[in-house]
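1. Quick check, what structure comes out for this input:
(one chain, ligands or ions: 1)
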Amino acid sequence: MTVADAPATSARVRKQYEYLPYPHREPSDEKKRLLITGLDELNCVNHYCFRGKRNLLGNFRTLVAGGGTGDAVVFLAHQLQKGMGDIVYVDLSDASQQVARQRLRARGLENRVKWIQGSLLDLPTMNLGKFDYINCSGVLHHLADPNAGLATLSGMLKDDGAIGLMVYGEYGRTGVYHLQNLFRLIGNREASLADQVAEARELLKTLPICNWYKRGAELFQPLESVGDTELLDLFLHTQDRAYTVPQIYDWVEGAGLHFAEWSADARIWYRPSVAFHDDALLDRIEKLPRREQEAACELFWGSIIKHTLWATKQPNTVASWADDDVAPTWTRLAGVLEVRKSILESPTPNWCLDIPKPGNAKIQARCLADEVTKRFVELADGSRTVIGILSQLVSEFPDRDVERLNRECVDVFNVLNANDLLTLRDKSVPFIPG
Ligand SMILES: C[S@@+](CC[C@H](N)C(=O)[O-])C[C@H]1O[C@@H](n2cnc3c(N)ncnc32)[C@H](O)[C@@H]1O
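-> Down below sits the predicted model:
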């Protein structure tokens, strides 16, 4: 497919999302809950993309490209309601934009956002200026030329900007592509989208257990509970491609960006120490370049259906524990899961907490919860720096030297940070409440 096909592809994709905006959302639900999109927790964005040093409430400009029914723009506008920077939403689908607007209206934040109906490929012609952070989740794999899409967005970033991306994972979606090919072969593309969905639903009920989608069905929502919106998006999409780990790195670098980190939703699946337990094997794998280590993990699990990551214009953007000016900062998720309380009240020195992951999965975060850990957790109040906490610990635990105390705190920090529960933020920049 060439770039010349882009308008035709956009027209087909737009038709689909005008008919069924994705994901299906009820604006009235905004009164009951706030959806957290893992890519857009700004304390994490600051940690991974700006060394924790960006004043997010200053002129921090964000763009949601292909914003759909609003999950990211709602969460960003909620966090940035006191911020001074613009928030811009763009999507091909007017129907999707209407849902996103109603959601923000329900929160009294509709006017916090500039709303645009159009293609992200046309952004450079819209005089919008450059952005600090772009969210583009589940969109670029639906373009005729995702490389052109990412290059366009990269061009919309400031020189030190960052982008949060989600694109599909090739191996995890193997069975989905079998079914997309099947429906392409035998489906009635002349029929209305409603009839195509109804026909596909009937056929899906008859899939044999040896079918590849059925074999990996637990990776996806059960078919019985899949609504028409999801069914159309999953099996009948007119334009859809997926990526492997090496392809992600090539794609990001081809657009002049640097890979920063996977989002916490799936991060552990890319970690060799989680997949491989033989010491000699692990040792060999850990000597490979990072992308090959992660490629090995992806092949080992075979179950990554989405790649969710941050990429940045500048290299080396992750905040560092060794930075004298950073303060450990709890994330919104940590608040929701009451992580501090759970560590402080841990009845055993082996703290363990279930962390919910997409698709009803859970992983367990574990660390030592001795008196030093508990005191570290108490002292980490979002304003004390790492140095400040360590010097306090040194005065309270005179029998332990600073290296040992530092090691203990780093171990706890690493466990919590791996799950995006605790991040680092420069002491000079305001805290963003969740
Ligand atoms: C699968 S939905 C994802 C929506 C949203 N980003 C989310 O994660 O909930 C894909 C969205 O991308 C939009 N889209 C696809 N191609 C686009 C383009 N070239 N420019 C702008 N939006 C586009 C579609 O209209 C649709 O709303």
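
2. Partner strands of the one helix or strand in the chain whose mean pLDDT sits lowest and their direction?
-> When the helices and strands of the chain are scored by mean pLDDT, DSSP states H and E, strand 361-368 comes last with a mean of 85. Each strand paired with strand 361-368, and its direction, by DSSP bridges: strand 350-357 (antiparallel).

3. returning to that earlier point: from the chain's centre, how far out does the helix or strand just after the least confident helix or strand of the chain sit?
-> Going down the chain from strand 361-368, the next helix or strand is helix 371-379, by DSSP states H and E. The chain centre lies 29 Å from the centre of helix 371-379; the measure is C-alpha atoms, centre = their mean, to the nearest Å.

4. ok, now stretch 377-390?
-> A distance of 27 Å separates the centroid of the chain from that of stretch 377-390, by C-alpha atoms, centre = their mean.

5. Same check on stretch 62-72?
-> The mean C-alpha position of stretch 62-72 is separated from the chain mean by 13 Å, C-alpha atoms, centre = their mean.

6. Tell me if it is near the ligand.
-> Yes. If you take C-beta under 6 Å from any ligand atom as the test, stretch 62-72 does meet the ligand, through G66, G67, G68, D71. C-beta: built from backbone N, CA, C; applies to glycine.

7. Name the residues of the stretch 1-150 of the chain found near the ligand, please.
-> Residues of the stretch 1-150 of the chain lying near the ligand (C-beta under 6 Å from any ligand atom): 10, 13, 17, 22-23, 66-68, 71, 90-93, 96, 119-121, 137-139, 142-143.

8. Restricted to helices, list those.
-> Secondary structure from DSSP state H places S10, V13, Y17, D71, S96 of those in helices.

9. what residues are up against the second one?
-> Counting by C-beta atoms under 8 Å, 6 or more residues apart in numbering, V13 touches L92, H142, T238, Q239.

10. Please apply the same query to R384.
-> Neighbouring residues of R384 by C-beta under 8 Å, 6+ apart: A327, P328, Q392.

11. Which strand or helix spans it?
-> Per DSSP H and E, there is no helix or strand for R384.

12. go on, A151?
-> Per DSSP H and E: helix 146-155 holds A151.

13. Give me the phi and psi angles of the nearest residue to T329 once chain neighbours are set aside.
-> Distance criterion C-beta to C-beta, 6 or more residues apart in numbering; nearest residue to T329, sequence neighbours excluded, is R425 at 4.2 Å. Main-chain torsions, R425, degrees, to the nearest 10: phi -140, psi 140.

14. What is the neighbour count of R425?
-> 28 (other C-beta atoms under 10 Å).

15. That's all I had, so thanks and see you.
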